[in-house]
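A.B. asks: Here is a sequence with its predicted model. Questions after.
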Amino acid sequence: MDFGNNYKAPMDREFYISNDQNANYLNSGDRIEEPLIQPSDISPSIVEGRAGGGDFRQGMIRAMRSGARGAELFQSPEGEPGAGSEAYGKEKREDMKQLAKFNKFKVTVHPPPNIVPNLSGFDGKQGFSNEMQENVLNEIKKAVNFAADISSEESMPESGVPIVIHTGEYSRPISLAESPSDSGEIEIVDDTGIQRGPFEQFKDENKQIPIYMVDEKTGAMHQVLKTNEEISVPEWKTAKESFSYFDKRLNREVQVNQGDFLEINGRLALTPEERIAEFIDENGKTGDIKIRMMNLKQLDDERRKFINWMEKVIDLKKGSSISDERVKEHLKEFEKEYEKSKKEPSLLFIFKESRMGDVRQYEGMGRHYSDGLDKIKERIEKIDKALDEYKKFRDKVGEERFDNHFSELLRDPEFANLIPPDRKNVVELLEERKKQLERHYHIQSEAAMGYFQRAQQLKEQLERIKPVEQFGQKRTAEGLAEVGLYAYRKTVAKNLKKPIYIAPENVFPEMGYGSHPEELINIVKNARNELKDKLKQEYSMRDDEAEKIAKNHIKATLDTQHLGMWMRYFNPEGKKFKNEEERVKEFKEWYKKQIQKLAEEGVLGHVHLVDSFGRGHTHLPAGQGDMPVKETIEILKKNKVNFDIIAEGHEEGQKRQLTKVWEKFDVPIGIRGAGYKPATSWTNLEHSYFDKISGPNYIVGGYAPTQDWKFWSELPLE
């Protein structure tokens with residue numbers, strides 16, 4: 001905005017300064033240093049629909065009249081009349097485009113957060129939904145189309161047009177932010193806790209947070225346990241002391257060390273299935289299977305022991321000449337299992353171990369029922385053989401003689417209790433018995449089949465289970481890359497000189513992954529790599545060309561207020577503060593370090609400049625809260641980050657949304673006077689008619705008529 005060109009009230013006089021006398025004092029050399037930002041660098045956010053008091057075109061005009069040189073169009077959900085990307089037709093879009101172009105009014109777009117809460121499709125209840133992710137990506141594509149239709153070179157910010165979207169990719173406990181666990185590598189540090197970062201939502205959160213896994217096929221979430229819980233596992237039979245023996249299976253001498261898993265014959269177990277549970281009680285007698293309750297640390301130790309045993313078996317196999325094909329096949333599968341197991345995070349092993357109890361139960365019951373099937377089948381075969389003999393005998397002697405023979409058997413005391421008296425002959429008896437055995441065979445086989453099916457389903461499910469961190473981040477990268485590619489295609493199709501880009505924004509700490517700056521950096525970098533691969537594959541681009549396009553079409557949005565909300569949970573482990581002021585002071589240092597990190601990583605393109613006091617979600621103008629928002633811009637400018645700024649501090653009214661930012665940053669605004677006239681003050685500006693569309697309808701000071709004499713009717717003397 002140029003305040004040196006006829007920006008004056010109707011009663012202004014030319015006594016003090018004329019517009020020909022270089023009113024823009026920035027060029028006069030009077031100012032000691034360049035301002036951090038210009039008035040045109042700051043744009044407000046405007047809302048459409050009932051909340052905003054009209055559509056976007058009306059909001060843009062209001063923003064122009066208030067002195068803004070741009071605005072972020074914050075979309076309302078479709079359903080409200082006149083709201084949403086597709087509530088604006090071709091003519092209206094063209095009208096908005098020409099309005100912005102003629103006034104050089106910079107426009108950015110923010111889809112509705114309740115429709116675009118994340119990119120992964122995480123619904124917060126059942127897990128990850130493909131349907132929800134498709135809805136989210138479709139909403140973003142609508143916003144891209146809308147932005148492309150209303151944008152021109154004159155109305156695009158320097159960094160391009162951001163499509164701002166919220167992140168909240170999956171549930172992530174606050175204490176895991178900025179910790180090794182945040183990347184999926186859980187570090188278990190003691191018997192009840194995991195390594196946490198400098199934050200916690202409540203005391204000892206890291207010792208009682210729920211740990212989740214996800215089924216990569218269905219997207220369903222599974223809670224492993226809480227970090228202070230224990231799970232029951234069998235105590236496996238192990239060597240009490242070291243010994244050696246010749247193993248015929250491996251055809252070599254084997255050294256067994258104390259603690260190695262043993263099989264039923266006391267030899268080294270060569271597969272997990274060969275391990276057996278300990279049956280010996282405290283008195284050295286055979287008793288029930290021994291079960292132990294294990295916490296996270298003990299389970300992690302058990303995993304290390306399991307991996308070490310697997311390594312030993314693999315080493316033994318390499319130096320063996322195995323002749324048994326069955327053993328060869330088992331060891332081949334075992335080696336594949338080992339390669340997979342050693343790469344798995346500790347918590348994935350713990351999750352599988354917690355579910356293996358169900359697998360063992362179903363497999364045990366299946367074997368229990370299936371083991372008796374052969375005996376039943378054998379008895380049926382014996383009955384069939386006996387029936388054949390009896391039928392041949394009956395055919396030979398005749399029906400009457402055969403029945404008489406059967407009656408004599410009934411009178412014999414030796415057989416009287418074995419053959420029911422209501423049976424006419426032995427053939428009928430055997431046929432009835434055969435039917436009973438066949439029915440029993442079917443019942444038992446169905447039971448065995450059901451248990452084995454359930455065991456197999458559980459085992460297959462365990463193979464699909466992944467840490468939520470790995471699965472969620474992969475879905476986010478794929479989704480963001482898809483809409484980034486769409487934005488690139490639309491930019492090319494519209495022949496725009498600057499890019500339309502997707503700009504994921506850090507949200508509240510409680511919303512999950514993506515709210516911490518390091519997570520935001522990971523999201524952008526992972527998505528850029530995914531988009532680069534897509535461009536190379538679909539367009540046969542060179543690596544450097546694809547990388548440049550990916551960087552242009554995926555950039556982050558920094559929300560300074562959302563970042564400040566971490567102050568509430570700031571509690572570095574082992575750190576004791578003298579008072580609250582000391583804690584807040586150290587948090588602000590952490591805050592500025594995060595800004596520096598974002599600047600150095602080259603991921604930023606857009607900033608929401610909002611202030612707060614750090615304990616809740618609010619939208620205060622810059623300078624009205626307690627966060628280092630000015631230092632944020634200083635750091636970004638110092639690092640030569642190319643970004644645009646949206647003032648979201650609308651909590652105190654639309655006018656202060658801009659003027660308070662200008663005041664905080666001491667932007668060059670107004671006409672500097674000459675002679676006895678002072679420069680325009682912020683009080684004059686803020687409380688005048690600056691954001692009104694016409695001159696004031698009142699006068700004050702010496703121009704106002706005296707109030708000492710007036711009629712009862714209060715009519716003026718004239």
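C.D. replies: All right, it came through fine.
A.B. asks: What residues does Phe613 make contact with?
C.D. replies: 564, 625-627 (CB atoms under 8 Å, 6 or more residues apart in numbering). Every C-beta, even on glycine, is put in place using the N, C-alpha and C of the backbone.
A.B. asks: With Leu563 instead?
C.D. replies: Per CB under 8 Å, 6+ apart, neighbours of Leu563: 506, 517, 591, 594, 627.
A.B. asks: So, low pLDDT: which residues of this protein?
C.D. replies: Within the chain, the stretches with pLDDT under 70 are 1-33, 51-52, 180-193, 280-287, 323-324, 399-400, 402-425, 669-718.
A.B. asks: what residues go with each domain of this protein?
C.D. replies: 33-175+469-686, 232-344, 373-465 (automatic domain parsing).
A.B. asks: and the ones you listed, which is most packed in?
C.D. replies: domain 33-175+469-686 (a mean of 20; mean count of other CB atoms under 10 Å).
A.B. asks: ok now it, how far from the chain's centre?
C.D. replies: Distance of domain 33-175+469-686 from the chain centroid (CA atoms, centre = their mean, to the nearest Å) equals 19 Å.
A.B. asks: And stretch 317-325, by the same measure?
C.D. replies: Relative to its parent chain, stretch 317-325 has a centroid offset of 46 Å by CA atoms, centre = their mean.
A.B. asks: Show the end-to-end separation of that stretch, please.
C.D. replies: Using CA to CA, to the nearest Å, the end-to-end distance of stretch 317-325 comes out at 13 Å.
A.B. asks: neighbouring contacts of it?
C.D. replies: 249-252, 328, 331, 335.
A.B. asks: try 10 Å
C.D. replies: With CB atoms under 10 Å, 6 or more residues apart in numbering as the contact definition, stretch 317-325 has outside contacts at 247-254, 270, 327-328, 330-332, 334-335.
A.B. asks: Helices - which of these land there?
C.D. replies: Counting by DSSP state H, the contacts of stretch 317-325 place 327-328, 330-332, 334-335 in helices.
A.B. asks: Return the set of residues that bridge with Val233.
C.D. replies: Arg292 (DSSP bridges).
A.B. asks: got a list of what it touches?
C.D. replies: 277, 291-294, 298-299, 302, 350, 353-354, 356-357.
A.B. asks: Surely His330 and Leu250 touch.
C.D. replies: No: using CB atoms under 10 Å, His330 and Leu250 do not qualify as a contacting pair, with a distance of 11.5 Å.
A.B. asks: quick revisit: redo the ones in helices among the contacts of stretch 317-325 as a markdown table? Include distance to Met60.
C.D. replies: As requested, those are exported to a markdown table (distance: CB to CB, whole Å):
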| residue | distance to Met60 |
| --- | --- |
| Val327 | 77 |
| Lys328 | 75 |
| His330 | 72 |
| Leu331 | 71 |
| Lys332 | 68 |
| Phe334 | 67 |
| Glu335 | 66 |
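A.B. asks: if we can go back for a sec, so of the contacts of Val233, which two are at opposite extremes in space?
C.D. replies: Ala277 and Ile350 (18.7 Å; CB to CB).
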